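Novice: for reference, the sequence and a predicted model appear below.
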Amino acid sequence: MHFTINGRAYEADVDIRTSILDLCREHLGLTGAKKGCDHGQCGACTVLIDGRRVNSCLTLAVMHQDDEITTIEGLGQIGDPHPLQEAFVRHDGYQCGYCTPGQICSAVGMLDEVAKGWPSHVSEDLAAPLLDDGEISERMSGNLCRCAAYPNIVDAIREVAQAEPEGRTADEKDAAMIGEVLA
Amino acid sequence: MKSFIYEKADTPEAAVRDIATDGARFIAGGTNLLDLMKLQVETPAKLVDISRLDLATIDDAEDGGLLIGAMVPNSDLAADPRVIANYEVLSRALLAGASGQLRNKASTGGNLLQRTRCYYFYDLASRCNKRSPGSGCDAIGGINRILAVLGTSEHCIATHPSDMAVAMRALDATIVTLKADGDRRRIPIHDFYRLPGDTPHIETVLERGELITHIALPKPPSGRQSYRKVRDRASYAFALVSVAGIIGMESGRIANASLAFGGLGPMPWRDPAVEAALIGQAPTIDAFAAAADALVADAKGHGSNDFKLPLARRTLIAVLRDLTGA
Ligand SMILES: Cc1cc2nc3c(=O)[nH]c(=O)nc-3n(C[C@H](O)[C@H](O)[C@H](O)COP(=O)(O)OP(=O)(O)OC[C@H]3O[C@@H](n4cnc5c(N)ncnc54)[C@H](O)[C@@H]3O)c2cc1C
Ligand code: SF4
Ligand code: FES
Ligand code: FES
């Protein structure tokens, strides 16, 4: 099977049952995405597929050979972190760090959804949602944190959301960033 | 997980051809099927990948409604401006379900066909007529807090867990399919799901290998719409009770009412008696109480889910107050 992960092409000879999570962790040495529950219940395995956040434990790798997969390793590098990674550090958005790669990938996807104007369960006006703390919590509810670093996670995401320049989606920024890292 | 043969379908016609072998299943978003395959609750011999079929658009229908492709992800459906403007109950129900990540993958067709969250259905060591027909039902007399109080049988008391399907039922959606023999049919949602009876493993009227291609919504109903979901935590949990409501008022009286319920039955529940108790009435607490009485008239708790009867009454009354401003 062939894959494109973080802008790089991979070939892998894997069992048909392999999830993207197991593909990355067990076969490609990309151990950033974490396995919490393996059943879509915790969000630790969140990655971006064509810019959309999904649970990689509930995806068959074979079904995503022609898609662009982005894991936490593709969002930032040591010495050149993603703005959300910086913000998580600054705000202490973790304790053990196990949920953090999933939180950050999820937040990248979530901010892109906000940029597209997508509503959430707590949006009063579905046509014009506003990103307050209640919205951030609801939109991030697919990512559990056993250490309960939730208040600091919200602080970190709020900061980045407020700094987001108008008219440029999180997706485009990441694409630019990944390009720079690879260049 | 048991191993399987994998085939990717490029057209709906190819998909219904590919599915015609024993033990073959369609896979769309995979968020329910893969979950169950990991536990070997589902053990398909073959997966036919329908996720790339050209069925991911939402189109205006000639009758003023919408034609939703079966592959449209739950997120995209919830955010569609036409859905937000005209079918708010659907958008709200979708947004109340699962998580951002799951909604990005979950498809409209797959959501309708997701299986129950009954604990015993998931646990291979338990007896379950739905998973293993004829083996018994450990939920009856067991822990059944999340299970059904309406439409159950002595063989199964499972609930259908979908939020989206509850809104679809209130909106009188129609399921459009392609059969293995090339025939297409349109199934009104009120005929789509089956009560458990003595065959709880058969959940819908779909034939083997029948592909859902679209879900059709009729032209927007008049009145106000809402979806209220009561659950064990504020987000990312299945409904204990949910209500999809559409109420239209004329000269101070209820002119049209459509109410569907989640968490109560083996299918998204709708009862004409509830709506009949409201139509023509002024929006008073007495009228709402009569509708709530009609809803739970035949309801039966099974011990740990007895609380659903008063909860369903109160949730319905709260939704009616909301929608009528009473
Ligand atoms: C942790 C978690 C929490 C969740 N919370 C909620 C919740 O609160 N509310 C809620 O409503 N849902 C919830 N869900 C369920 C989720 O909505 C479903 O898993 C999803 O909608 C299924 O869609 P899918 O495309 O992934 O289906 P799949 O898993 O691909 O398929 C499901 C079934 O449908 C069949 N199928 C799929 N598409 C078609 C088609 N076009 N024609 C014929 N057959 C088809 C498949 O063969 C399979 O049997 C939750 C799921 C998880 C894992
Ligand atoms: S309620 Fe239905 S799904 Fe649950 S154990 Fe009984 S038969 Fe199985
Ligand atoms: S490991 Fe995928 S959601 Fe928990
Ligand atoms: S930081 Fe430990 S689980 Fe979130």
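Specialist: That came through fine. Ligands and ions are numbered 1, 2, ... in the order given.
Novice: quick check, the residue in the stretch 151-300 of chain B closest to ligand 4?
Specialist: Taking CB to the nearest ligand atom as the measure, the point where the stretch 151-300 of chain B comes nearest ligand 4 is B:Tyr236, at 15.3 Å. For glycine as for every other residue, the C-beta is placed from the backbone atoms N, C-alpha and C.
Novice: can I assume that residue is in contact with A:Ser141?
Specialist: Yes - the pair B:Tyr236 and A:Ser141 qualifies as a contact (CB atoms under 8 Å) at a distance of 4.4 Å.
Novice: name the residues contacting each of those two.
Specialist: The overlap between the contact sets of B:Tyr236 and A:Ser141 (CB atoms under 8 Å, 6 or more residues apart in numbering or on different chains) consists of B:Ser99.
Novice: any idea which helix or strand carries B:Asn104?
Specialist: The secondary structure element spanning B:Asn104 is helix B:100-105 (assigned by DSSP states H and E).
Novice: kindly export stretch B:243-253 (C-alpha atoms) in PDB.
Specialist: These are the backbone C-alpha positions of stretch B:243-253, laid out as PDB (Å, rounded to 0.1, in the frame of the first residue of the first chain):
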ATOM      1  CA  VAL B 243     -36.900  15.100  21.400                       C
ATOM      2  CA  ALA B 244     -37.000  16.500  17.900                       C
ATOM      3  CA  GLY B 245     -39.900  19.000  17.700                       C
ATOM      4  CA  ILE B 246     -41.600  21.000  15.000                       C
ATOM      5  CA  ILE B 247     -44.600  23.100  16.000                       C
ATOM      6  CA  GLY B 248     -46.500  25.600  13.900                       C
ATOM      7  CA  MET B 249     -49.000  28.100  15.400                       C
ATOM      8  CA  GLU B 250     -52.000  29.800  13.900                       C
ATOM      9  CA  SER B 251     -54.200  32.300  15.700                       C
ATOM     10  CA  GLY B 252     -52.900  31.200  19.100                       C
ATOM     11  CA  ARG B 253     -53.500  27.500  18.500                       C
END
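Novice: run through who's touching that stretch.
Specialist: Identification of contacts with stretch B:243-253 by CB under 8 Å, 6+ apart yields B:89, B:93, B:166-167, B:169-171, B:221-228, B:254-262, B:278, B:280-283, B:315-316, B:319-320, B:322-324.
Novice: what about that stretch, near ligand 1?
Specialist: No - under the criterion of CB under 6 Å from any ligand atom, stretch B:243-253 makes no contact with ligand 1; the nearest approach is 11.9 Å.
Novice: and the residue of the stretch 201-326 of chain B found nearest ligand 3, how many residues sit next to it?
Specialist: Per CB to the nearest ligand atom, B:Tyr236 is where the stretch 201-326 of chain B lies closest to ligand 3, at 10.8 Å. The burial count assigned to B:Tyr236 is 21, neighbours taken as other CB atoms under 10 Å in any protein chain shown.
Novice: same deal with the one 3 residues further on?
Specialist: Counted with other CB under 10 Å, the burial measure for B:Ala239 works out to 26 neighbours.
Novice: skipping adjacent residues, who's closest to it in space?
Specialist: Excluding the flanking residues, the one nearest B:Ala239 by CB to CB, 6 or more residues apart in numbering or on different chains is B:Gly263, at 4.1 Å.
Novice: repeat for B:Cys118
Specialist: Take B:Cys118 and drop its neighbours on the chain: the residue closest to it by CB to CB, 6+ apart is B:Ala158, 4.5 Å away.
Novice: next, the residue most central in space within chain A: secondary structure please.
Specialist: Compute the mean C-alpha point of chain A, and by CA atoms, centre = their mean the closest residue is A:Cys105, 1.2 Å away. Using DSSP: H, G, I helix; E, B strand; the rest coil as the criterion, the local structure at A:Cys105 reads helix.
Novice: who's in contact with it?
Specialist: The contact partners of A:Cys105, by CB under 8 Å, 6+ apart, come to A:Ala33, A:Thr46, A:Val47, A:Leu48, A:Arg53, A:Thr70, A:Thr71, A:Ile72, A:Leu75.
Novice: drop anything exposed from those residues.
Specialist: A:Ala33, A:Thr46, A:Val47, A:Leu48, A:Arg53, A:Thr70, A:Thr71, A:Ile72, A:Leu75 (16 or more other CB atoms under 10 Å in any protein chain shown).
Novice: out of the residues you listed, who's nearest ligand 2?
Specialist: Sorting the buried ones among the contacts of A:Cys105 by how near they are to ligand 2, with CB to the nearest ligand atom, puts A:Thr46 at the top with 29.8 Å.
Novice: correct me, but the closest one touches A:Asn143?
Specialist: Yes - under the criterion of CB under 8 Å, A:Thr46 lies in contact with A:Asn143, with a separation of 6.7 Å.
Novice: need the residues touching each of the two.
Specialist: Between them, A:Thr46 and A:Asn143 share the neighbouring residues A:Gly102, A:Gln103, A:Ser106, with contact defined by CB under 8 Å, 6+ apart.
Novice: what residues does chain B have near ligand 2?
Specialist: If contact is defined as CB under 6 Å from any ligand atom, the residues of chain B in contact with ligand 2 are B:116, B:118, B:120-121, B:128-130, B:137-139, B:147, B:156-158, B:200.
Novice: show residues contacting the longest helix that chain B contains.
Specialist: Of all the segments assigned as helix in chain B under DSSP state H, the longest by residue count is helix B:308-324. By CB under 8 Å, 6+ apart, the list of residues contacting helix B:308-324 from outside reads B:149, B:223-226, B:228, B:230, B:240-243, B:245-247, B:249, B:254, B:259, B:261, B:263-264, B:274, B:278, B:283, B:285, B:288-289, B:291-293, B:295-296, B:299, B:301, B:326.
Novice: from the chain's centre, how far out does that helix sit?
Specialist: Taking CA atoms, centre = their mean, to the nearest Å, one finds helix B:308-324 lying 19 Å from the centre of the chain it belongs to.
Novice: go on, stretch A:45-59?
Specialist: Using CA atoms, centre = their mean, we find the averaged C-alpha position of stretch A:45-59 to lie 7 Å away from the chain's own average C-alpha position.
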